[in-house]
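Q: predicted model follows, preceded by the sequence.
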Amino acid sequence: MTDPVIIFDLLLAAAVVALAVASLSVRDLFVAIVLFITFGLLSALSWVRLAAPDVALAEAAIGTGVTGALLLKTLRHLRYVSGTLDRAEALSVTPAAPVPAPVIWANAAFCGLVTLGLAVAFLGAPRSGPGFDALVAEAMPASGVDHPVTAVLLNFRAYDTLMEVVVLLAAVIAVWQIERGLSDAPAPVLGAVWEGFARLTLPAIVVVGTYLLWKGAEAPGGAFQGGAVLAAVGLLLLLSRLYVPQPSHRGVARWAFVLGTGAFAGVALLVAGGGRVAFEYPPEHAKTLILLIEGLVTISIAVTLAALFHGREPVALRSDRGRA
Amino acid sequence: MTLDPMILALFAPLFGAVAAFVLPRAAGAVGLVAVLLTCGAVLALARQVLAAGAVTLELGGWAPPMGIALRADGLGVAMLAMTAAVGLLVSVGALDALREARQRQYFWPLWLLLLTGMNGVYLGTDIFNLYVMIEVIALAAVGLTVLSGTREAVRAGLEYMYASILGALLFLMGVGFVYLQLGRLDFAGLIAAEPSAALSAALALMIVGLLLKTALFPLHFWLPAAHANATAPASALLSGLVVKAALYIFLRLTTHVPLPDEILVTLIGALGAGAVLWGGVQALRAERLKLLVAWSTVVQIGLIFIAFARAGQVGLAESWKAAALLILAHGVAKAAMFLAAGRIRDEVGHDIIRDLDRAPIRPTLAQFTFALAAISLIGLPPSLGFIGKWSLMEGAMAAGYWHWVAVTMIGTLLSVAYFSRVLAGFLRFDRVRAPLGEHQGWALADIAPLTLAISAISLGLLAAPILSFIELGYPFGAKP
């Protein structure tokens, strides 16, 4: 007796693969991005079916939402602002110069070997591995939170998570230091529908993002998901030009970028002492400390993702007003 | 509050990066203090390791495999020390070499994040943690690549980023499959694991990712442009230090889970031989000084892999030492050479090899530094490079693998040839005679590369203590 849900799963798997193929093979870049976003949403659904709701939330918020926005922004920049692509070129993924045949064959051989490795590793893998489940369950009472994923990310393996936050910091520093000259994108023309949309969604986004963060202690959610949702506020503000980054805001922005890393690392260091090592939160304060870290990390993630969408260090503009 | 030196080695550069980023005007001073603190931490750690062998620290008090432990042994501390020392001298050089305000402002946070990541790799014992660390390294390194702001650098940086992300992705997929197989991610779990085809495939994915990141031929395609177009201090860090992180993980992995097959060891050596020959020929053809130096990195990486494979699978227990010596030697000498090349370019105004001898200004000190670094990279006694090459060939001869000796010899001849292209230009200084009393092209900024180059030569005299130090704490023994 097969579970009827299996049909849904099969359809989902087929759709994910089909969307991936379509997104890679379609010639129009805009369509490719839209297909990619759809692919991301269905992947998020697959994570739900794989009983990994945390990953699903992250995939939907970061992998699909923020990434899709970044891709669309880049495409727009390539087309209309930098002038490196004219419209025909921008709409096509055909490279300007043909790739030499030996390079294609070498790449194909390389990809084939990797696929072979993946296949062997996959076929030989046990259906359900041993994993950390038992160890995590045993250590949960001392973790300070009720959700195992949060306990692993913010307590048991907090060092990994700190360094992931550092990766994001490195990314925004790397983006800010790229010199772009002084021209900035002209503001996109947004109509009345847009304003109504922003008015309706902004409060909802704030509530959802904060809820995701708060709920992370006991249920799926947490800093990365909440931060990505809150970053959407920044995206809307930037798109509608309700907020225009100014050079004088750079100082505050820098502090906001490093807030999460600094607080996370600072707490890790300050709890050490009295026989404790770095990252060893005292169990009675663990929940408070974890919430404090998550809250500050969320702010940093949200601001950083919004800054990545803006895509540059705010610089003094010469004459942008006439074009907007 | 007692501060463990391992924690300090991680957090000093991390907080330094944060402070240097929020205080852009004081970035240089903040950066230098952070690097000095890191050096102090590494010294303290070296003393601990000398006294007690390997030291470990379970972060958060959670024991592996669920938690993450840091571990320092002889090899790890040697890598930390090389990184800190080279990093300190490159930092001193960077104080003068970076001219633009934007570069001065952004060099420090990126470099300190890079240092955090590299220290994390050398202290890491958990393969997922190592993945996170190589991501930190990758993004900071890409940032440093494009710091020079030229169009070529941005393009090379983008290619570097694609290669780097692909490498990290392959590594991560391998890590995922290892976790699925073993249910744990720490090195101790890998040692205890039963060998199986699936585990080998997972490790193969990880290793291919690492080879891409360390730029072993034919996966080196991204390296020459990226290293040649960065600013001089960034090039020194990228070439001297960054590629070593992935190389180090490779060494660690292959000794915790020895390569199952003689054929694989030979294949690694063959790729190394390809790098030595192809890189050598490309270095002979390079028109720009920095590009030549970058190709020489491809050659040296190949040489390190030949050292790894010098005596086949049975010889791995000893061969890693030859590879480690070459890693250390290349780190010091290549940083010196890139800084010197940057100085020459700054003084002369270009780095086209053919025209270097026609410049009215002769940056003699930088040229001297370049020559010293070349001595170590070619492998002439008494440099550390010589000791590394010697132990490579000794092991190969003892095992009867004469083909590795032959490849090394050819590589050495090629390196003499391509460095001679540059050095000959330095000697023929009479094409344009500079008026007496004019600027001689010496500067304070020459001190850092010169110190590095002299160290590369003189460390060869300390080879015996270095060799016994890297063996401390059983980096590659039966004990984890």
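A: Noted; the coordinates are in hand. Because the structure is predicted, anything quoted here is derived from the model rather than measured.
Q: which segments of chain A make up each domain?
A: The record's domain parsing of chain A by automatic domain parsing lists A:1-97, A:132-324.
Q: for chain B, find the nearest of these.
A: Each of the domains of chain A has some distance to chain B by C-beta to the nearest C-beta; the shortest is domain A:132-324, at 3.3 Å. Bear in mind the C-beta positions are built from the backbone N, C-alpha and C, glycine included.
Q: quick check, B:R71 in a strand?
A: Yes: under DSSP: H, G, I helix; E, B strand; the rest coil, B:R71 falls within a strand.
Q: list the contacts of it.
A: B:54-57, B:123, B:125 (C-beta atoms under 8 Å, 6 or more residues apart in numbering or on different chains).
Q: now do stretch A:229-240: everything it contacts.
A: Residues outside stretch A:229-240 that contact it (C-beta under 8 Å, 6+ apart): A:61, A:65-66, A:69, A:188, A:190, A:194-195, A:198, A:201-202, A:205-206, A:208-210, A:212, A:242-243, A:245, A:298-299, A:301-307, A:309-310.
Q: for chain A, which residues score under the pLDDT cut-off?
A: By pLDDT under 70, the low-scoring segments of chain A are A:1-2, A:81-96, A:129, A:180-189, A:316-324.
Q: in it, what residue comes closest to chain B?
A: Closest point on chain A to chain B, by C-beta to the nearest C-beta, is A:G124, at 2.4 Å.
Q: picking up where we left off before, now the domains of chain A in a markdown table, with distance to B:L43?
A: Below are the domains of chain A laid out as a markdown table (distance: least, C-beta to C-beta, whole Å):
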| stretch | distance to B:L43 |
| --- | --- |
| domain A:1-97 | 41 |
| domain A:132-324 | 20 |
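Q: out of those, which one sits most buried?
A: Of all these, domain A:132-324 carries the top mean neighbour count, a mean of 18, counting by mean count of other C-beta atoms under 10 Å in any protein chain shown.
Q: what is the distance between that domain and the centre of its chain?
A: Centroid separation for domain A:132-324 versus its chain: 10 Å, with C-alpha atoms, centre = their mean, to the nearest Å.
Q: then stretch B:119-137?
A: With C-alpha atoms, centre = their mean as the basis, stretch B:119-137 stands 15 Å off its chain's centre.
Q: okay, how far is it across it, tip to tip?
A: By C-alpha to C-alpha, to the nearest Å, the extent of stretch B:119-137 from end to end equals 10 Å.
Q: so is that stretch next to chain A?
A: Yes: against chain A, stretch B:119-137 shows contacts by C-beta under 8 Å from any C-beta of the partner chain at B:120, B:128-129, B:132-133, B:135-136.
Q: once you drop chain neighbours, what's closest to B:V22?
A: Leaving aside its chain neighbours, B:V22 sits nearest to A:R254 (4.7 Å; criterion: C-beta to C-beta, 6 or more residues apart in numbering or on different chains).
Q: and the helix or strand harbouring that neighbour, what does it pack onto?
A: Element membership for A:R254 (DSSP states H and E) is helix A:250-270. On a contact count with 3 or more C-beta pairs under 8 Å, 6 or more residues apart in numbering or on different chains; DSSP states H and E, helix A:250-270 meets helix A:158-176, helix A:286-310, helix B:5-22.
Q: out of those helices, which is closest to B:L185?
A: Distance to B:L185, taken as C-beta to C-beta, is lowest for helix A:158-176 among the helices and strands packed on helix A:250-270, at 9.9 Å.
Q: that closest one vs helix A:286-310, what angle?
A: Counting by axes from the mean of the first three to the mean of the last three C-alpha atoms, to 10 degrees, helix A:158-176 lies at 20 degrees to helix A:286-310.
Q: are helix A:158-176 and chain B in contact anywhere?
A: Yes: Helix A:158-176 is in contact with chain B by C-beta under 8 Å from any C-beta, via A:158-160, A:163-164, A:166-167, A:169-171, A:173-174, A:176.
Q: what comes up buried for the helix or strand containing A:A109?
A: Under the criterion of DSSP H and E, A:A109 resides in helix A:101-124. Residues of helix A:101-124 classed as buried by neighbour count (16 or more other C-beta atoms under 10 Å in any protein chain shown): A:114, A:117-118, A:120-121, A:124.
Q: number of residues surrounding the residue in chain B positioned nearest to chain A?
A: Among the residues of chain B, B:A198 lies closest to chain A, at 2.4 Å counting by C-beta to the nearest C-beta. When neighbours are counted by other C-beta atoms under 10 Å in any protein chain shown, B:A198 registers 18.
Q: go on, the one 10 residues further on?
A: Here the neighbour count serves as a burial measure; for B:V208 (other C-beta under 10 Å) it reads 22.
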